[in-house]
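A.B. asks: sequence first, predicted coordinates after that:
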Amino acid sequence: MKIIIAGAGEVGFHLAKLLSYESQDITLIDSKKESLAYADNHLDIRVLKGDATSIAVLNDAQVQNSDLVIAVTSSETTNLTLCMLAKQLGCKRTIARISNTEFIKNKDLLRFSDLGIDELISPEALAATEIQMLLNKSAFNDTYEFEEGELIMVGVSLLKSAPFVGKMVKEAAKIFPELHFMPIALQRTGTQYTVIPRGDTVFKEGDQVYFITVKEGVDELYKLTGKKKAEIKNVMILGGSKVGYKTARDLCANKFNVKLIEKNKEKAFDLADELPNALVINGDGRNVELLDEESLESMDAFIAVTGNSETNIMSCLVAKSKYIKKTIALVENMDYFQLSH
């Protein structure tokens, strides 16, 4: 498959990395020479410097022969424009990254497909949705829904107490014949390789295992994995970014007690007006004393969604040292992702 990706930021680079591993024909376009140089040195892809909305650049990328264009630059306007141009020039399918979720809510009314835009994605909205699912399924560190929630995939790191650790997949199925689950992927601790479990695959302590189950089977998986569901009610959010705002708004709508900390004073006041059911604090969340003053230890969950991955990780480590039940860090550098497993 020939795929063109516009935007060599964290999202674009990670997409190019994953797709190139699948032996896809990838062309990465960006106007910044430095971003492209890094991708060119680390990935087996073609890089192209220039404006992704330039017809000359798109022709150079052979957009007329492409199967898919993915526009994930930092500019929503650029992404939408690129997809429209790409479709007119002969691309089979287009995907645009956006930040305005009104477009997604009204995509049928606005008929973006008629404009040449097949799919719209909002990373901020997806992140907020994922955070809420992780809070609702607090024992798991990954969760994805399919078919409008009828099928659910959850990821969990196996504890020694899990009843089937040391047993083969086929033995685990016999231990819990009444449970509706299937292990579909497994990552050994200390490795980056994912394997598809077979009947004779042995579960080991520390394995990151992904299960697929029906909606009603999620609670059953707690028994299967030896995990206990933590009741989450009080939540502290660090960072009033788009993700922070959307997360706070959604959690308040679902009757969570939310406290949000934002460093920028003007932004904090705006958030306080927009989130009447949340307590918004103006302060630097990197200050441990401030977190203590705001009763971090009484929180059930701590969510760090500032624009800095390192700040998010370090603040979650502070929260973890206070025995917070659930900590979630937003990271853009995918190299940090393994820290959660």
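C.D. replies: Nice, thanks for sending it over.
A.B. asks: all helices for the stretch 101-250 of the chain, in order.
C.D. replies: 101-105, 107-110, 112-115, 123-136, 169-175, 218-225, 242-253 (DSSP state H, counting those that start in this stretch).
A.B. asks: against which helices or strands is the longest one packed?
C.D. replies: Contact partners of helix 123-136 among helices and strands, from 3 or more CB pairs under 8 Å, 6 or more residues apart in numbering; DSSP states H and E: helix 101-105, strand 142-146, helix 242-253, strand 326-329. Using the backbone N, CA and C atoms, a C-beta is placed for each residue, glycine as well.
A.B. asks: which residues are contacting it?
C.D. replies: Helix 123-136 is contacted by residues 11, 97, 99, 101, 104, 140-141, 143, 145, 232, 235, 241-243, 246-247, 250-251, 254, 256, 301, 303, 305, 326, 328, 330 when judged by CB atoms under 8 Å, 6 or more residues apart in numbering.
A.B. asks: which among these end up buried?
C.D. replies: Judged by neighbour count, with 16 or more other CB atoms under 10 Å as the criterion, the buried members of the contacts of helix 123-136 are 11, 97, 140-141, 143, 232, 235, 241-243, 246-247, 250-251, 256, 301, 303, 305, 326, 328, 330.
A.B. asks: of all the helices of the stretch 101-250 of the chain, which lies closest to residue 54?
C.D. replies: helix 112-115 (19.2 Å; CB to CB).
A.B. asks: send me the closest one as CSV with only the CA atoms.
C.D. replies: Output of helix 112-115 as CSV, limited to C-alpha atoms (Å, rounded to 0.1, in the frame of the first residue of the first chain):
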residue,chain,number,x,y,z
PHE,A,112,-17.0,15.9,4.6
SER,A,113,-16.8,12.9,2.3
ASP,A,114,-18.2,15.0,-0.5
LEU,A,115,-15.3,17.4,0.0
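A.B. asks: which parts of it are buried?
C.D. replies: Using 16+ other CB under 10 Å as the test for burial, helix 112-115 gives residue 112.
A.B. asks: name the residues that touch it?
C.D. replies: 83-84, 87, 103, 118, 120.
A.B. asks: now do it, average pLDDT.
C.D. replies: When pLDDT is averaged over helix 112-115, the result is 90.
A.B. asks: break this protein down into its structural domains.
C.D. replies: 2-121, 139-225, 234-340 (automatic domain parsing).
A.B. asks: worst-scoring helix or strand of the chain, pLDDT-wise?
C.D. replies: Ranked by mean pLDDT, DSSP states H and E, the helix or strand of the chain with the weakest confidence is helix 218-225, at a mean of 73.
A.B. asks: neighbouring contacts of that helix?
C.D. replies: Outside helix 218-225, the residues that reach it (CB under 8 Å, 6+ apart) are 137, 139-140, 152, 154, 156, 158-159, 162-164, 172, 176, 179-181, 209, 211, 213, 227-229.
A.B. asks: quick check on these: which are buried?
C.D. replies: 137, 139-140, 152, 154, 156, 158, 162, 164, 172, 179, 181, 209, 211, 213, 227.
A.B. asks: of those residues, which is the nearest to residue 281?
C.D. replies: Closest to residue 281, out of all of these and judged by CB to CB, is residue 137, at 27.8 Å.
A.B. asks: that closest one touches residue 143, doesn't it?
C.D. replies: Yes. With contacts counted by CB atoms under 8 Å, residue 137 reaches residue 143, the gap being 5.1 Å.
A.B. asks: which residues do these two both contact?
C.D. replies: Common neighbours of residue 137 and residue 143 (criterion: CB under 8 Å, 6+ apart): residue 154.
A.B. asks: remind me which helix or strand residue 11 belongs to.
C.D. replies: Secondary structure assignment for residue 11, by DSSP states H and E: helix 10-21.
A.B. asks: now that helix: how far from the chain's centre is it?
C.D. replies: 14 Å (CA atoms, centre = their mean, to the nearest Å).
A.B. asks: ditto for stretch 57-73
C.D. replies: With CA atoms, centre = their mean, you get 25 Å for stretch 57-73.
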